[in-house]
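>>> Pasting the sequence and the predicted coordinates here, then a few questions.
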There are 2 protein chains.
Amino acid sequence: MTEQKIIDAGLECFAQYGYQNTSLSDIADKVGIKKPSLYNHFSSKEAIFLRVLEEVAQKELEHLKGFTEYTQDRSIKEQIHEVFNLYVDHMSYSTEGAFFKRFTFFPPEEFADQILQVFLNTEEQVIKIIGPIFQKGMDTGVIRPLQLNELTSTFYTMIDGLFLEENFYDRETLVERQKASFKIFWLGIQAASQEG
Amino acid sequence: MTEQKIIDAGLECFAQYGYQNTSLSDIADKVGIKKPSLYNHFSSKEAIFLRVLEEVAQKELEHLKGFTEYTQDRSIKEQIHEVFNLYVDHMSYSTEGAFFKRFTFFPPEEFADQILQVFLNTEEQVIKIIGPIFQKGMDTGVIRPLQLNELTSTFYTMIDGLFLEENFYDRETLVERQKASFKIFWLGIQAASQEG
DNA sequence: CCTACCGATCGGTAGG
DNA sequence: CCTACCGATCGGTAGG
């Protein structure tokens, strides 16, 4: 279906070039039609962008919900590490991640409200997944007593930092940084009695 | 001097709107001249951008060098905390920080090489400042034995994450996140014998 | 430093 | 879904 092709092409162009830097001709070329034909499916460039944003938001939430399946029957540390790695990898190496990164960090003014909402929904979803794991860790004495939002916000800040750095470093360096961050994060939150 | 006014106006516009989204008319308006008059001082839009980039890079390095003065005669933890706060605050609340953030994270293709170079120089400078402090911390047994680049890269990743998040949260929330990140970072790197 | 203007490209429309 | 075209805006130039 052409409409879906336009959304897919828009996602790739917007993720790679940004909003202003993507022309309707770019999208049309990728779909294999002429620019004016886009208007049979969408009323404006803004409308295309908003549909892409909508799809990305929905896909992200679904993708995140899938994380819970991976983290059964593992130690607290392994569960946290798994969510950490899954999320960083997804954000670093998928087109949706690139789109999400670009537009949550530098939203065009006219879409700022909708984009902020998507960001906050996503963070809420991540905290819904990771929060209970941290809480259980504290309850069982594996994690030192800290405020839950200290744990979740630091967790999130490290992820934000890592997928920013994806813009500069080669994959090997990134993997090293990812390992180092998680290592020090875990050393910081583990209960003193667990050291060894 | 008009040339300096153009550089200053360019800095503000590029930082706020990005490269493509800043027109030469925007810059000229801010300076108080007409667009063609810009060409008495610069040969192209690219030339203006590159001069702005050059200035920002130079200012950043000078600013970072000033950090060393703040960190005399303090404990290792206080020194690290001070550099952390100074750097995050500077990147979050200055125009140079906004410029630096935007263009190191999403460089226009035609400037990618120069921008990457500026980023790497800056990181090198930060590591030059913070590296010896970490090393001394390990040597004196205040910081647990870790690889130096594990310390510096995690330190840098947290800073990257925080000044990304500046785009979403109000100042109060940011200050809380900044505190939480440093707290857990320090817990992660301090020697076990220092716990209390 | 200005007015006047250029070719190119943009988002979008007319009309079929 | 196309060709042909619009008004606006862009970076940049001519000429004074």
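On my side now, so go ahead. Numbering: from 1, shown residues only, chains lettered A, B, ... in the order given.
>>> Run the contact check for the longest helix anywhere in chain A versus chain B.
Identified as the longest helix of chain A according to DSSP state H is helix A:112-139. Yes. For helix A:112-139 and chain B, the contact criterion (Cβ under 8 Å from any Cβ of the partner chain) is met by A:116, A:119, A:120. In this view, the C-beta of every residue, glycine as well, is placed from N, C-alpha and C.
>>> CA atoms of the helix or strand of chain A with the lowest mean pLDDT as CSV?
Sorting the helices and strands of chain A by mean pLDDT, DSSP states H and E puts helix A:67-70 at the bottom, at a mean of 77. Coordinates of each C-alpha in helix A:67-70 appear next as CSV, following Å, rounded to 0.1, in the frame of the first residue of the first chain:
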residue,chain,number,x,y,z
PHE,A,67,11.4,-6.7,27.1
THR,A,68,9.5,-8.3,30.0
GLU,A,69,9.7,-11.7,28.4
TYR,A,70,13.5,-11.6,28.3
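>>> Show me which residues of it are buried.
residue A:67 (16 or more other Cβ atoms under 10 Å in any protein chain shown).
>>> Give me the packing partners of it, helices and strands only.
helix A:76-93 (3 or more Cβ pairs under 8 Å, 6 or more residues apart in numbering or on different chains; DSSP states H and E).
>>> Next, the angle from the helix it packs on to helix A:112-139.
Here the directions of helix A:76-93 and helix A:112-139 differ by 160 degrees (axes from the mean of the first three to the mean of the last three Cα atoms, to 10 degrees).
>>> now helix A:76-93: mean pLDDT?
What helix A:76-93 shows for mean pLDDT is 93.
>>> Helix A:76-93 and whichever helix or strand comes after it, what's the angle between them?
For helix A:76-93, the succeeding helix or strand toward the C-terminus, using DSSP states H and E, is helix A:95-105. Computed with the same axes, to 10 degrees, the direction of helix A:95-105 lies at 90 degrees from that of helix A:76-93.
>>> buried set for helix A:95-105?
A:96, A:97, A:98, A:99, A:100, A:101, A:102, A:103, A:104, A:105.
>>> Also stretch A:148-160?
Buried-residue list, stretch A:148-160, by 16+ other Cβ under 10 Å: A:149, A:150, A:151, A:152, A:153, A:154, A:155, A:156, A:157, A:158, A:159, A:160.
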